[in-house]
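Undergrad: have a look at this prediction, sequence included:
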Amino acid sequence: MTLQTRIHASRHSPTVLIAGGAGFIGSHLCDALLQRGNNVICLDNLFTGTIDNVRPLLNHPNFRFVEHDVRDTIKVDDNIDRIYSLACPASPRHYQRDPVGTMKTCVLGTINILELARQKGARVLQASTSEVYGDPEVHPQPESYLGHVDPIGPRACYDEGKRAAETLMFDYHRMHQTEIKIARIFNTYGPRMLENDGRVVSNFIVQALRGEPITIYGAGTQTRSFCFVDDLVRGLQLLMESPCSVTGPCNLGNPHEVTIEAIAREVLRHTASISPLRFQALPKDDPRRRKPVIDTATKALGWRPRVALEDGLRATVAYFALRIAGDRPPLVPAIAPRRAGRRASQLRIADPRQ
Ligand code: NAD
Ligand code: UDP
């Protein structure tokens, strides 16, 4: 039995399926594509995503939410022109919660997405990651760098899973001529991250606003390069609509590199918080530095980030300040154990209008 997505698709507009569409990046992508007049099917199992992220879209005639796990076969009766494959927990805290499940999401999920793309003749974009470079020995990281990943460490379920997903994308491209795009996304932040997401920007902002200690792992000298979500979403769309010959992998990230301690101090400044810094143990395999080379994105897509860290942090602080001041219950993922043996025909299609 196929999923009756019942989208009121406009025949003249492309239909886009966003797997992981109720997550942080996915929900911003839903907004952007609907604004461009696309029909959007948002497919998500709500592992780290939340219906609140797409609630304002639920009555939009060209939007449909489908609760589904990409590890299960995906059958959709609508025509589909584009698939964004974003379904995967992205924060170390969450992808390490169920490491085997994360690996299955990356491998089985990508196969299911690619099979759907093959059946529908759809183009598919895979949200890959800077984690394919591991703890890099080359700095900054161009796409040609093959990486330095510990295959048996605690981050491997995600890093190796995402590497396998890239392999599958290129194998389908070679075997079935599937139109593919691979975006290697570097640390992205912004509104709609979960309060308990566990990643550094949301952690620091929530801690600062609550007056709790800012938890710096290690000495805080490790670096990351932070991209505001609006820039990333623009880059993903440009990559998706680029000529067929542009398959990627294509780094999408902001080359402005900062230390983790510097981020903590910036957050304290933006929140006028007096939270103390608390230094804690560095997690195993935590990459020491990370900065993208974005020449491919600049030349092939005309893309470069526009939002300065200062402005992105201000917007993100404003988002969390509203949530916390509003005393709303924290956005937490619906942590439901995956039911074994669930088949596509047994899936519940949530009716968002209820
Ligand atoms: P997120 O956790 O907010 O979003 C992931 C979404 O996928 C959630 O809505 C979650 O419920 C859903 N999901 C997870 N497993 C699923 C499954 N088996 N079936 C269906 N849905 C599932 O994370 P995000 O930051 O929005 O990341 C989105 C994508 O971008 C991920 O694939 C991630 O690996 C990639 N990425 C993100 C970053 C970043 O800094 N945010 C960096 C590199 C790559
Ligand atoms: N980090 C930290 N305190 C936190 C959360 C993260 O110091 O509360 C550090 C983490 O050890 C890493 C960096 O911030 O060095 C980025 O971590 P995040 O989980 O955001 O992303 P990733 O490690 O996947 O790049």
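TA: Now that the structure is in, tell me what you want to look at. Ligands and ions are numbered 1, 2, ... in the order given.
Undergrad: just give the nearest non-adjacent residue to V267, would you?
TA: Leaving aside its sequence neighbours, V267 sits nearest to F204 (CB to CB, 6 or more residues apart in numbering; 4.3 Å). From N, CA and C alone the C-beta is placed, and that goes for glycine too.
Undergrad: okay, and the one you found sits in which element?
TA: helix 200-210 (DSSP states H and E).
Undergrad: how far does that helix sit from its chain's centre?
TA: The chain centre lies 20 Å from the centre of helix 200-210; the measure is CA atoms, centre = their mean, to the nearest Å.
Undergrad: and for stretch 202-213?
TA: Per CA atoms, centre = their mean, the centroid offset for stretch 202-213 relative to its chain is 22 Å.
Undergrad: next, see if it gets close to ligand 2.
TA: Yes: contact of stretch 202-213 with ligand 2 is found when judged by CB under 6 Å from any ligand atom, involving N203.
Undergrad: quick one: average pLDDT of that stretch?
TA: For stretch 202-213, mean pLDDT is 97.
Undergrad: same question for stretch 96-103.
TA: Rounded mean pLDDT across stretch 96-103 is 97.
Undergrad: how about stretch 25-40?
TA: Here the average pLDDT along stretch 25-40 is 98.
Undergrad: hey, C-alpha coordinates of the host helix or strand of S27 in PDB?
TA: Taking DSSP H and E as the definition, one finds S27 inside helix 24-35. What follows is helix 24-35 as a C-alpha-only set of coordinates in PDB (Å, rounded to 0.1, in the frame of the first residue of the first chain):
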ATOM      1  CA  PHE A  24      16.200  22.400  12.300                       C
ATOM      2  CA  ILE A  25      17.500  22.800   8.700                       C
ATOM      3  CA  GLY A  26      14.700  20.900   7.100                       C
ATOM      4  CA  SER A  27      11.900  23.200   8.500                       C
ATOM      5  CA  HIS A  28      13.700  26.300   7.200                       C
ATOM      6  CA  LEU A  29      14.000  24.600   3.800                       C
ATOM      7  CA  CYS A  30      10.200  23.800   3.900                       C
ATOM      8  CA  ASP A  31       9.500  27.500   4.400                       C
ATOM      9  CA  ALA A  32      11.800  28.600   1.600                       C
ATOM     10  CA  LEU A  33      10.500  26.100  -0.900                       C
ATOM     11  CA  LEU A  34       6.900  26.900  -0.200                       C
ATOM     12  CA  GLN A  35       7.600  30.600  -0.600                       C
END
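Undergrad: buried stuff in that helix?
TA: Neighbour-count burial for helix 24-35, counted by 16 or more other CB atoms under 10 Å, picks out F24, I25, G26, S27, H28, L29, C30, D31, A32, L33, L34.
Undergrad: so what's L209 up against?
TA: Residues near L209 by CB atoms under 8 Å, 6 or more residues apart in numbering: T271, S273, V317, F320, A321, I324.
Undergrad: separation between the last one and A183?
TA: Which is I324. According to CB to CB, to the nearest Å, I324 stands 32 Å off from A183.
Undergrad: compare these two (neighbour count), which wins?
TA: Neighbour totals were compared for I324 and A183, and A183 leads with 26 against 15 (other CB atoms under 10 Å).
Undergrad: do I have it right that that one meets L238?
TA: No: shown here, A183 and L238 do not form a contact pair, counting by CB atoms under 8 Å, at 9.9 Å.
Undergrad: check whether the helix holding S27 comes near ligand 1.
TA: Yes: using CB under 6 Å from any ligand atom, helix 24-35 reaches ligand 1 at F24, I25, G26.
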